[in-house]
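1. sequence first, predicted model second:
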Amino acid sequence: MEKIELPIHKHPLLPITRFFSRHGCNGCGSDGYIYGGYHCNELGCETPAFHRECAESLQEIKHFSHPDHPLNLRLNDKASTCNRCGIHLLRKTYIYVCSICDFKLDLHCAKDAAPLPILENYNLHEHPLKLFDVSKSLKRVRLRECKTCDSPFLIEKLCYICYQCKILFHASCAEFFPEANHTSHPQHPLKLLKFAEAPDYADKKCLLCDEKFDQDQGLHHCDVCNFSICRACMKNPPPVGVESPTTHEHQLHLVPRRIHFTCNACGTLGEQSPYFCLQCNFMIHRQCIDLPRVININRHDHRISYTRRIRHGKGICKVCRKMVDGFYGGYICVKCLSFAIHARCATREDVWEMVELEGTPEEDEIGPFEVIDDNTIKHFSHDHNLRINNDGDGQILHENIVCEACALQILSEPFYSCKQCNFKLHQKCANHPRKKHHVYRNLPFTLLTSGNEIFQCWLCLQEFNGFMYQSGHYVIDVRCAAISDTLEYKSHQHSLYYYSTTYTHCSRCGKKDSVFRCDECDYGLGGKCAILPGKVMNNRYDDHPLFLSFDEMNVDGEYWCEACETKVNSKEWFYTCNDCGTTLHISCVVGDFSYIKHGSHLMNTKVVSNTSICRPFCFVCNSRCKLPSILKLSKGGVNVYICSFKCRLETY
């Protein structure tokens, strides 16, 4: 469908039939569903959805409430109120303003073509009612609550007043009091009831949107059919018939009643007000109508497409890890035949990047390097050519020689090096893609070089420099970026899965930051523990590589850490040499500065190598600095050393 340029938004907008409910309308600021309308299809746009009438608002209007000057459409950038109704104007919504006077009008009031009339509705009140501005004349009124709903006049100032009885009615209450017809229940009018007046048998939630009733606004009820809906659905009724070409070929009709069903579009249960096709016995949630056809998600490297039936049997959803029933709709990857995901899971706001890609050609992926020959590349991060070192001689470079990307020591694995300078890259780090999706955020990340500037990874919370992936103000290091949503770890017999919302205690360190959890047992790992290097080198204590071990020393006897000379618990994780049996605590091998390149500056301190014969004392805690990387600080012309961030903080 062709995008349309409209003055209300900086990007072209796409007309839709989808029912939006995430953020309400970004034009008028109202919450609730948007039935049809427009949405923005630009990556990362924070104002994606608009009512049709809000999106099509004119750039300039004349209005009876301010007849002297025209009003212009503007984005509201500060707290204020509408001069007609008195409702607070939300920031980053659109309003009409006068360029001459300090007059503002919200989009709801701008739609009224004439003043509200005098009401002579004797069902509402025995005397005629006139429009009244509460904010200007509140002292003249004895009662400050609406006679209909008993709620105070704190939100809207326009109301109706009976001057004889000195009582007030919200204008919105007068519209539906004592009863009014509704498209979803044409059999009988719905009565406006206070929450306390509702019969005991009445539902506590709206039949249409399933939201709990607001005690101040009350509800609209039919006592013949026991049909109850909220104020929002009364004012903004869902359409009784819709067309949804993505999910079904026929027109769908609203069934406004409590009914248990399985949605054909997503395969999950529902319990009220589905849309139904009698011809096909097809039922669908309102939020599943017109699902996007082609999208990107942060759990897969390829685009995925919606299909009305997955057909290839049952699989496991990559997001919720529950069964995917092939007889219902969902998303599949045309390149990976075994990939399937629930429709609801794929379109979650923390999973989907919120852009529809149907009809958009895939961009050519830009690789991280240009191949010069079989052994030479030109990497985007460096000015010179890099040559591969993979001759299998098992060479281990000096402890201070680290990979420019991950800041870890280069051991016996293949790496690229520059013949003109000391620039070196692990082969696996050289292959990191320039752009990638990651489970941490729904928007894609871009690979950048940080040089010697130090950042904090949002996933593992470790300070680092080298290469990083950035999306907006979110930054993750390349070690965390290499972790997918599924973590296979030798410390546990089951797979661990990424959880973005709930945290439990890490099974290794005990801190409440477990983001990778086991679905089969009570086991989890925090981001910091999940990226511990499997192999390290520490020449001070052993000439061989040290390997991360998990509960493997199940033998009698005592074991001591070579660094701190205290006992090593054989039931916990530790580093060990397979040749010599050397053991070290993890905290004696990996510290606060382990992912920062030597020579980098932290304010007035410098990260340096702790490889001298005599280990220096920490200036703060007065203990020997045992970790391979420490801070050097010049104090009074004398170099002193700091062993950890905790000690560094105590110096300020």
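-> Cool, the structure landed. Numbering: from 1, shown residues only.
2. contacts and neighbour counts: CA atoms only from here.
-> OK.
3. now for residue 430: which residues touch it?
-> Going by Cα atoms under 8 Å, 6 or more residues apart in numbering, residue 430 touches 368-369, 379, 405, 416.
4. most surrounded residue in these?
-> residue 405 (26 neighbours; other Cα atoms under 10 Å).
5. alpha carbons of stretch 184-195, as PDB, please.
-> Backbone C-alpha positions of stretch 184-195 (Å, rounded to 0.1, in the frame of the first residue of the first chain) are rendered in PDB as follows:
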ATOM      1  CA  SER A 184     -22.100  -3.900  19.200                       C
ATOM      2  CA  HIS A 185     -25.500  -4.300  21.000                       C
ATOM      3  CA  PRO A 186     -28.300  -3.100  18.800                       C
ATOM      4  CA  GLN A 187     -31.000  -5.100  20.600                       C
ATOM      5  CA  HIS A 188     -31.300  -2.800  23.600                       C
ATOM      6  CA  PRO A 189     -29.900   0.600  24.700                       C
ATOM      7  CA  LEU A 190     -27.100   0.600  27.300                       C
ATOM      8  CA  LYS A 191     -27.600   2.300  30.600                       C
ATOM      9  CA  LEU A 192     -24.900   4.400  32.100                       C
ATOM     10  CA  LEU A 193     -24.300   3.200  35.700                       C
ATOM     11  CA  LYS A 194     -22.100   4.200  38.500                       C
ATOM     12  CA  PHE A 195     -19.700   1.400  39.400                       C
END
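6. work out the gap between stretch 564-572 and the centre of the chain.
-> 40 Å (Cα atoms, centre = their mean, to the nearest Å).
7. no wait, stretch 228-243
-> Worked out by Cα atoms, centre = their mean, stretch 228-243 lies 28 Å from the chain centre.
8. and it, average pLDDT?
-> Stretch 228-243 shows a mean pLDDT of 89.
9. what sits against the residue nearest to residue 268 when sequence neighbours are not counted?
-> Excluding the flanking residues, the one nearest residue 268 by Cα to Cα, 6 or more residues apart in numbering is residue 262, at 5.6 Å. Each residue near residue 262 by Cα under 8 Å, 6+ apart is listed here: 268-270, 283-284.
10. sorry, back to before: secondary structure and pLDDT for the contacts of residue 430 - can I get that in JSON lines?
-> Formatted as JSON lines, the contacts of residue 430 follow (DSSP: H, G, I helix; E, B strand; the rest coil; pLDDT from 0 to 100):
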{"residue": "368", "secondary structure": "coil", "pLDDT": "94"}
{"residue": "369", "secondary structure": "strand", "pLDDT": "95"}
{"residue": "379", "secondary structure": "strand", "pLDDT": "96"}
{"residue": "405", "secondary structure": "coil", "pLDDT": "94"}
{"residue": "416", "secondary structure": "strand", "pLDDT": "95"}
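11. tell me which of these is nearest to residue 434?
-> residue 368 (5.6 Å; Cα to Cα).
12. so the closest one makes contact with residue 380?
-> Yes. Using Cα atoms under 8 Å, residue 368 is in contact with residue 380, at 5.9 Å.
13. name the residues contacting each of those two.
-> Taking Cα under 8 Å, 6+ apart as the contact rule, residue 368 and residue 380 touch no residue in common.
14. pull out the buried positions in stretch 455-474.
-> 455, 457-460, 462-471 (16 or more other Cα atoms under 10 Å).
15. and the helices in the stretch 151-300 of the chain?
-> In the stretch 151-300 of the chain, the segments counted as helices under DSSP state H, counting those that start in this stretch are 171-176, 231-235.
16. over to the chain?
-> Listed in chain order, the helices found in the chain under DSSP state H are 52-55, 107-111, 134-137, 171-176, 231-235, 343-346, 427-430, 478-481, 527-530, 645-649.
17. which stretch among those helices comes nearest residue 163?
-> Using Cα to Cα, the nearest of these to residue 163 is helix 134-137, at 12.2 Å.
18. what would the contacts of residue 430 look like in JSON lines with distance to residue 348?
-> Formatted as JSON lines, the contacts of residue 430 follow (distance: Cα to Cα, whole Å):
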{"residue": "368", "distance to residue 348": "30"}
{"residue": "369", "distance to residue 348": "34"}
{"residue": "379", "distance to residue 348": "36"}
{"residue": "405", "distance to residue 348": "32"}
{"residue": "416", "distance to residue 348": "40"}
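19. thinking again about what came up before, please identify the most buried of the helices of the chain.
-> helix 343-346 (a mean of 23; mean count of other Cα atoms under 10 Å).
20. and that one, how far from the chain's centre?
-> Chain-centre distance of helix 343-346: 14 Å, with Cα atoms, centre = their mean.
21. and this protein, what are its domains?
-> What automatic domain parsing lists as the domains of the chain is 13-55, 60-111, 130-176, 179-235, 241-288, 294-346, 601-649.
22. quickly, which of those bottoms out on average pLDDT?
-> Across the domains of the chain, domain 130-176 gives the lowest mean pLDDT, at a mean of 67.
23. now do the same end-to-end measure for it.
-> 16 Å (Cα to Cα, to the nearest Å).
24. next one: stretch 286-304
-> 22 Å.
25. quick check: buried residues in it?
-> In stretch 286-304, the ones that count as buried by 16+ other Cα under 10 Å are 286, 288-300, 302-304.
26. strands along the stretch 251-400 of the chain, start to end?
-> 251-254, 258-262, 269-272, 275-277, 282-284, 294-295, 304-307, 315-316, 323-324, 330-332, 340-342, 369-373, 376-379, 386-389 (DSSP state E, counting those that start in this stretch).
27. quick one: strands adjacent to the fourth one?
-> Spelled out, it's strand 275-277. strand 251-254 (antiparallel), strand 282-284 (antiparallel) (DSSP bridges).
28. again with the second one
-> With DSSP bridges as the test, strand 258-262 is paired with strand 269-272 (antiparallel).
29. please point out which parts of the strand it pairs with sit buried.
-> 270, 272.
30. identify the residues contacting that strand?
-> Here strand 269-272 has contacts from 207-208, 210, 256-263, 285, using Cα under 8 Å, 6+ apart.
31. thinking again about what came up before, quick one: closest of the helices of the chain to residue 491.
-> Closest among the helices of the chain, using Cα to Cα: helix 527-530, at 10.2 Å.
32. elements contacting that closest one?
-> Helix 527-530 sits against strand 514-518, with contacts defined as 3 or more Cα pairs under 8 Å, 6 or more residues apart in numbering; DSSP states H and E.
33. test my guess that residue 450 contacts residue 470.
-> No. In this structure, residue 450 is not within contact of residue 470 by Cα under 8 Å, at 10.5 Å.
34. related to what we said a few turns ago, quick check, nearest of the contacts of residue 430 to residue 386?
-> Using Cα to Cα, the contacts of residue 430 come closest to residue 386 at residue 416, 5.5 Å.
35. OK, contacts around that closest one?
-> Residues in contact with residue 416 (Cα under 8 Å, 6+ apart) are 386-389, 424-427, 430.
36. ok, for the residue of the chain most remote from its centre, nearest residue in space, not its chain neighbours?
-> In the chain, the residue that sits farthest from the middle, by Cα atoms, centre = their mean, is residue 164; the gap is 54.6 Å. The spatially closest residue to residue 164, leaving aside those adjacent along the chain, is residue 127, at 7.7 Å (Cα to Cα, 6+ apart).
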